[in-house]
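Enquirer: Here you go, sequence then predicted model.
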Amino acid sequence: MSDRTDKISILIRDAAKKAMEDNDSSIDQVKTTTVEWPVSCTVGPGLEGAIACETKIGYVNGSKGQLIYRGYDIFDLCENSSFEEVTYLLLYGRMPSEKQTIKFKNKLFKYMYIPETTRLLTSFQIEEMDTMASLRFGISLLRLTNIRKKKTDGFPETSVLIGTDEDSIPMETPPIGEEHAIYEFDEMSTDSGKNDAVRHKSERAETCCRLISGVASLTAAIARIRSGHLPLEPIPELSHAGNLIYMMTGKKPTPDEERVMDVCLILHADHGMNASTFAALVVASTLADIYFSVGSGIGALSGQLHGGANQKAYAMLKEIGGPDNVKSWYKKACSEKRKIMGVGHRVYKTHDPRALILDPLAGYLAKKDKKINVLYETSKILEKHVCCTLGAEKGHFPNVDYYSGLVYKSLGIPNDLFTPIFAVSRVSGWTARVMEYLENNRIFRPRAIYTGPFCKRIIKTRGFNGGVNEK
């Protein structure tokens, strides 16, 4: 490990110390116990507070600023592991051995070669499409080429999983429904059945790997096409993160640039039951294949309230114009009740641990570029104002989007590729959670409360043109 890369580890370690000083690190046992179904909970609009399933993959405690993947704290993972190791952890439930890590890295590298899909992608006017629309379209092409080679690739095994939409849920009453939910799954009583289950699980994991690598390669290809260049193939000496930078920009990253991108991918890999993860699970629960599920996650991530905030945060810092303008800009923004982009979070009511890690890394990279360094200095002064006002009053602090745009820009990545990079990372969490959910699949079927009118009648009037009156 080079001195510069080791410096990054030190910055992460210092951020972890700061987090421990600022927040209580104990685990909230109420939120981490096994659920006895059916469960009672308070549900708000948009299913806020609803319990949809159990998971062993990720844990977010917003009141204490905690983010944990399968028992490992995010600070520890960023300091001591790689994106490939974290992806293995999410998919298989354990950290890989050195031998497993090498094998898994080689697998992901192999699946980054998608020449047939790339050729199809270049035949369309990608430069005129939105980047997230291009990525979602690319997933459809990847599905086409992969399933053409192996027709079952990506499809759940329906002989093992047969959850259907019988409406037999606790909220329904007999005889239409049942008092308790009915879960119908085949019992795998024979040895051959168990072997088949293991094989199908292995095949699903293989498809997950194809998607994890494919999303990275598609994002890079889209970046190249939009800049008027031909897509590049990965090179063996670089990691997943390093190849992402190289395949996007055409330049081999330095060790510290590769390391910082690796940390960014780790930070975004999973984050609870967020909108895109939920979208992926809803589609998967119908037994649609995992390509469709990931495509749905990409669709949800494209929304400004989910994946596009870092672009707006970066644009906001440019709009301010420099550190000297922060005070007057912020005063005006508050008087106009403008939203401060990259500040506040639906879950975190204290410092976002991901922002605590990205803050020093953004500053570290920004020193190489005077223009970006001015933006970073602007962000630090604005952060002080925000923490003294919104932080003290509402518990709103900078989140992961506040600094990620600065990091990506320092790595030479265009603004419109910020959100696709989010997908490059989050596809690990999407696929891991889909695999976990399918083990005890239940099609999602929430209900809506009807608030419309009743007893309307259609009264037809006779005449030249006819017509309908409502009563």
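Expert: Looks like it came in fine.

Enquirer: Can you mark which positions in stretch 229-239 are buried?
Expert: 231, 232, 234, 238, 239 (16 or more other C-beta atoms under 10 Å). For every residue, glycine as well, the C-beta is placed using N, CA and C.

Enquirer: quick check, nearest of these to residue 256?
Expert: Relative to residue 256, the closest of the buried residues of stretch 229-239 is residue 239; by C-beta to C-beta it sits at 12.9 Å.

Enquirer: what residue ranges in this structure score low on pLDDT?
Expert: The model of the chain has pLDDT under 70 over residues 1-5, 24-32, 149-197, 199, 462-471.

Enquirer: Domains of it: list them as residue ranges, please.
Expert: 3-310+411-438, 311-410 (automatic domain parsing).

Enquirer: Same list (those) but as CSV, adding distance to residue 453.
Expert: Compiled in CSV, the domains of the chain are given as follows (distance: least, C-beta to C-beta, whole Å):
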stretch, distance to residue 453
domain 3-310+411-438, 21
domain 311-410, 34
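
Enquirer: Residue 451: which of those is closest?
Expert: domain 3-310+411-438 (12.5 Å).

Enquirer: chain center to that closest one, what's the gap?
Expert: Remark: domain 3-310+411-438 is offset 6 Å from the chain centroid, using C-alpha atoms, centre = their mean, to the nearest Å.

Enquirer: residue ranges for the helices of the stretch 301-450 of the chain, please.
Expert: 309-320, 326-335, 353-366, 370-386, 392-394, 400-410, 418-438 (DSSP state H, counting those that start in this stretch).

Enquirer: what does the third one contact?
Expert: Think helix 353-366. The list of residues contacting helix 353-366 from outside it, by C-beta atoms under 8 Å, 6 or more residues apart in numbering, reads 7-8, 11-12, 14-15, 18-19, 65-67, 74-75, 78, 256-257, 260, 263-264, 267-268, 372-373, 375-376, 379-380, 397-400, 402-404, 406-407, 410-411.

Enquirer: can we see that at 6 Å?
Expert: Helix 353-366 is contacted from outside by 11-12, 15, 19, 65, 67, 74, 78, 260, 267, 372-373, 376, 398-400, 402-404, 406-407, 410, using C-beta atoms under 6 Å, 6 or more residues apart in numbering.

Enquirer: what's the distance between the closest residue to residue 333 other than its chain neighbours and residue 394?
Expert: Leaving aside its sequence neighbours, residue 333 sits nearest to residue 340 (C-beta to C-beta, 6 or more residues apart in numbering; 6.5 Å). From residue 340 across to residue 394, the span is 11 Å (C-beta to C-beta, to the nearest Å).

Enquirer: Same drill for these two, tell me which one is more crowded.
Expert: residue 340 (20 against 11; other C-beta atoms under 10 Å).

Enquirer: Could you measure from that one over to residue 319?
Expert: For residue 340, the distance to residue 319 (C-beta to C-beta) stands at 12 Å.

Enquirer: Residue 216 too?
Expert: To residue 319, residue 216 is 31 Å away according to C-beta to C-beta.

Enquirer: higher neighbour count, the two?
Expert: Set residue 216 next to residue 319 and count neighbours by other C-beta under 10 Å: residue 216 wins out with 29 against 13.

Enquirer: Where do the helices of the stretch 151-300 of the chain begin and end?
Expert: Per DSSP H, counting those that start in this stretch, the stretch 151-300 of the chain carries helices over the ranges 191-226, 240-249, 255-268, 275-285, 290-301.

Enquirer: Can I get stretch 335-349 in CSV, CA atoms only?
Expert: Provided in CSV are the C-alpha atoms of stretch 335-349 (Å, rounded to 0.1, in the frame of the first residue of the first chain):
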residue,chain,number,x,y,z
SER,A,335,-35.3,33.7,4.1
GLU,A,336,-36.6,32.2,0.8
LYS,A,337,-37.0,28.8,2.6
ARG,A,338,-34.8,27.1,0.0
LYS,A,339,-33.8,23.5,0.5
ILE,A,340,-30.1,23.2,1.2
MET,A,341,-29.1,20.4,-1.1
GLY,A,342,-27.1,17.5,0.5
VAL,A,343,-28.3,18.5,4.0
GLY,A,344,-30.7,16.5,6.1
HIS,A,345,-31.8,12.9,5.7
ARG,A,346,-35.0,10.9,6.0
VAL,A,347,-33.3,8.5,8.4
TYR,A,348,-30.3,10.2,10.0
LYS,A,349,-31.0,12.7,12.7
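
Enquirer: Can you tell me what sits against it?
Expert: 60, 62-63, 309, 312-313, 316, 352, 386, 395-396, 398-399, 401-402.

Enquirer: Restricted to buried residues, select these in ChimeraX.
Expert: Filtering the contacts of stretch 335-349 down to the buried ones (16+ other C-beta under 10 Å) takes a single ChimeraX command:
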select :60,62,309,312,313,316,352,386,396,398,399,401,402
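
Enquirer: with the contacts of stretch 335-349 in mind, which one is nearest to residue 425?
Expert: residue 401 (13.3 Å).

Enquirer: Which residue, neighbours along the chain excluded, lies closest to residue 219?
Expert: Closest to residue 219 by C-beta to C-beta, 6+ apart is residue 420, at 4.3 Å.

Enquirer: So the one you found is in contact with residue 133, correct?
Expert: No - counting by C-beta atoms under 6 Å, residue 420 stays clear of residue 133, with 10.4 Å between them.

Enquirer: which of the residues in stretch 442-455 are buried?
Expert: 442, 444.

Enquirer: Would you work out how far apart the start and end of that stretch are?
Expert: With C-alpha to C-alpha, to the nearest Å as the measure, the ends of stretch 442-455 fall 35 Å from one another.

Enquirer: related to what we said a few turns ago, please name whichever of the domains of the chain is nearest to residue 457.
Expert: In terms of C-beta to C-beta, the element of the domains of the chain nearest to residue 457 is domain 3-310+411-438, at 27.0 Å.

Enquirer: surely residue 396 meets residue 388?
Expert: No - between residue 396 and residue 388 there is no contact under C-beta under 6 Å: 11.4 Å.

Enquirer: picking up where we left off before, how about the helices of the stretch 301-450 of the chain, which one is nearest residue 87?
Expert: helix 418-438 (4.4 Å).

Enquirer: From the contact counts, what lies against that closest one?
Expert: Counting contacts by 3 or more C-beta pairs under 6 Å, 6 or more residues apart in numbering; DSSP states H and E, helix 418-438 is packed against helix 83-92, helix 131-149, helix 191-226, helix 255-268, helix 275-285, helix 290-301.
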